[in-house]
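Colleague: sequence first, then the predicted structure, then my questions.
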Amino acid sequence: MAVRPRPLKSAESKPPARVNVGIIGTGIGGAHFDGYSKLKNVRVVGLVDVDPARGKSVAERWGVPVAHAFTSHQDLLSLKELDAVSVCTPNYLHAQIAIDALNAGKHVICEKPMAATLAQANELFNVAKKSDKVFMMGYNNRYRGDTQLLKKYIEAGELGDLYYGKCGWVRRHGAPGPGSWFSTKSMSGGGPLIDLGVHALDLAWWLMGKPKPVSASASVFNLLMPQEWERLGRPGTMDVEDAAVAHIRFANGAAVLLEVSWLLHTPKESFYCQVMGTKGGASAEPEFRICQDKHGAEVDLTPRAPNIGGHPAEIAHFVQCIRTNTQPLSTAEDGLLVMKMLDAIYRSGESGKAVTIR
């Protein structure tokens, strides 16, 4: 991996021989469990699910003591043997649970997005900044074999200065059921922009060297989902967008175009990420390809990247950071800056004007 670990503010005298983790939320938490289960001297010692019956069932399937299948994250945090947690809950719970875990002296990996609102993300960032524990954002696409290899090409200067990126995750039909936390803004923070767009935007921004964002101009739509709910006679809250497009400018003059949707009249679902520089361009999705001009001719390279999945690699990195007491590749500051970009996109969509990012 193209990872340069930095030490945390204060080093533990001795790293734990075995890392004991808890998983809070058993939906995407399943991917975290799979990652932990592949590592030596790592044990999942507890979990949290608000449904007691489901929590018990998952505990039995994962081999976790049923007595450690809790309905409250505070009960999990009270386990003396616990070293770290994965926060895999609905978005509006991310910040408070992560704050509680850090204050309890636990290392934290938090699923994307950092929080449901920028205010929550700021609060979490301030706590993480003061903590001597690892706080890591779960931006799994940074850890894939192909994106790590592409990052090496970029850092070696083979694409020159990167000045333009375009990315997106567009679904033709991919909206969650109405009334779920996904379609309720107070719980999710938004629709496909904060659900899917966070993946595409973070990947492009990271590949481009994480330039400082300065403004966003966007259009945010909610035109098809109301029609769909009415046609299907579905009850429940649905107060988030179904699609969005955005233009983000950076302090170094670079820019990114982003588009996302849950419902859109488009041929098929597409997840894509491209970055362009003065010496070449590259695509991380839907295929890994490098495009250059050499000796007056177009040259396309399709490197054979290692087949490394993002989720297991990010979990391995999290555990490595705990053991070596180093900062992760995806930090609390990264999480906050991505939230600032998402927040600016939403505000621009509401106002119809470009929004400055501070």
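Modeller: Thanks, I have the structure now. Residues are numbered from 1 along each chain as shown.

Colleague: which residues of the stretch 1-150 of the chain score low on pLDDT?
Modeller: The stretch 1-150 of the chain contains residues with pLDDT under 70 at 1-15.

Colleague: let's see it at 90
Modeller: The stretch 1-150 of the chain contains residues with pLDDT under 90 at 1-17.

Colleague: quick one: low-confidence parts of the stretch 151-300 of the chain?
Modeller: Using pLDDT under 90, the stretch 151-300 of the chain drops low at 175-180, 225-238.

Colleague: the helices in it, which residues?
Modeller: 185-188, 192, 198-207, 224-232 (DSSP state H, counting those that start in this stretch).

Colleague: so which of those gets nearest Leu342?
Modeller: helix 198-207 (6.6 Å; Cβ to Cβ). All C-beta spots, glycine's among them, are computed from the backbone N, C-alpha and C.

Colleague: that closest one packs against which elements?
Modeller: Under the contact definition 3 or more Cβ pairs under 8 Å, 6 or more residues apart in numbering; DSSP states H and E, helix 198-207 sits against helix 145-155, strand 162-170, strand 255-261, strand 270-277, strand 281-285, helix 332-351.

Colleague: swap the cut-off to 10 Å and go again
Modeller: helix 145-155, strand 162-170, strand 243-250, strand 255-261, strand 270-277, strand 281-285, helix 332-351 (3 or more Cβ pairs under 10 Å, 6 or more residues apart in numbering; DSSP states H and E).

Colleague: deepest of these, which one?
Modeller: With neighbours taken as mean count of other Cβ atoms under 10 Å, the helices and strands packed on helix 198-207 reach their highest mean count in strand 255-261, at a mean of 23.

Colleague: pick the most buried one from the helices of the stretch 151-300 of the chain.
Modeller: helix 192 (a mean of 28).

Colleague: and that helix, what does it pack against?
Modeller: strand 162-170, strand 255-261.

Colleague: what sits up against it?
Modeller: 168-171, 174-176, 182, 198, 220, 240-244, 259-264 (Cβ atoms under 10 Å, 6 or more residues apart in numbering).

Colleague: got JSON lines for the helices of the stretch 151-300 of the chain, with distance to Glu60 too?
Modeller: Formatted as JSON lines, the helices of the stretch 151-300 of the chain follow (distance: least, Cβ to Cβ, whole Å):
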{"stretch": "helix 185-188", "distance to Glu60": "29"}
{"stretch": "helix 192", "distance to Glu60": "35"}
{"stretch": "helix 198-207", "distance to Glu60": "32"}
{"stretch": "helix 224-232", "distance to Glu60": "36"}
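
Colleague: and the ones you listed: which comes nearest Glu350?
Modeller: helix 185-188 (12.1 Å).

Colleague: circling back to that earlier point, so which of the helices and strands packed on helix 192 is nearest Ala115?
Modeller: Here strand 255-261 is closest among those (Cβ to Cβ), at 18.5 Å.

Colleague: could you say what helices and strands that closest one packs with?
Modeller: Using 3+ Cβ pairs under 10 Å, 6+ apart, strand 255-261 sits against strand 162-170, helix 192, helix 198-207, strand 213-221, strand 243-250, strand 270-277, helix 332-351.
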